[in-house]
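Novice: Predicted structure and sequence below. I'll ask about it afterward.
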Amino acid sequence: MTEKTLQRKVIHLDEEFKKFVDAIEKDGPFEGAAHKDVFIIALVLGFNKGKRTPIKKRLSGGFFREDTFNDDQRNLIATIAIAHKENLEILMEKNKDELFSIAEEYANTGFPILREQLALSGTFEKRLESELRKKIKILNEIKL
């Protein structure tokens, strides 16, 4: 996708998750990570659960600038939005706010999941790897 597609100014976060995100970026498996990277993990967790949660109270000023996403992250956001809407029209410029709202709401579902996973015993990385292996096994069993 070109840099001019799928852009708006900011990505929003529910205020209740700001302290959590700041804390995990300072310590643990996300130490040194950027907001956009934690957002993408939360987005995938929320999409995996199949649930969108509207943002109750947006963080003032937004969470981070949308233009910090790299092409892979933009493509993931677009793919999730297409899967959710079940059509390609979501990629049209006039629908960019809806596209990012879909991503924000899936991420809003994913932040509590991420918080729970980090609180469990064992490493987050091992649990994530185990979940991914299960998903890959299921995908490999599907005959296309």
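Specialist: Perfect, I can see it now.
Novice: what mean pLDDT does stretch 97-107 have?
Specialist: Here stretch 97-107 scores 95 as its mean pLDDT.
Novice: what does stretch 29-39 give?
Specialist: 90.
Novice: So what touches it?
Specialist: 11, 13, 21, 24-25, 41, 63-64, 68-69, 73, 107, 114, 118, 123-125 (C-beta atoms under 8 Å, 6 or more residues apart in numbering). From N, CA and C alone the C-beta is placed, and that goes for glycine too.
Novice: how about a cut-off of 7 Å?
Specialist: Ile11, Val21, Ile24, Glu25, Phe63, Phe64, Thr68, Phe69, Gln73, Ala107, Phe124, Glu125 (C-beta atoms under 7 Å, 6 or more residues apart in numbering).
Novice: Next, the fifth one: phi, psi?
Specialist: When quoted as degrees, to the nearest 10, the phi and psi of Phe63 stand at phi -90, psi -50.
Novice: Weed out the non-buried ones from the contacts of stretch 29-39.
Specialist: Ile11, Val21, Ile24, Glu25, Phe63, Phe64, Phe69, Gln73, Ala107, Phe124 (16 or more other C-beta atoms under 10 Å).
Novice: From the residues you listed, pick the one nearest Leu45.
Specialist: Ala107 (8.2 Å; C-beta to C-beta).
Novice: need the contact list for that closest one.
Specialist: Neighbouring residues of Ala107 by C-beta under 7 Å, 6+ apart: Phe39, Ala42, Leu43, Gly46.
Novice: circling back to that earlier point, quick check: the farthest pair among the contacts of stretch 29-39?
Specialist: So, the contacts of stretch 29-39 by C-beta to C-beta: farthest apart are Ile11 and Glu125, at 24.7 Å.
Novice: and the contacts of stretch 29-39 as TSV, adding distance to Ala34?
Specialist: Putting the contacts of stretch 29-39 into TSV (distance: C-beta to C-beta, whole Å) gives the following:
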residue	distance to Ala34
Ile11	12
Val21	10
Ile24	12
Glu25	8
Phe63	11
Phe64	7
Thr68	7
Phe69	10
Gln73	10
Ala107	14
Phe124	17
Glu125	18
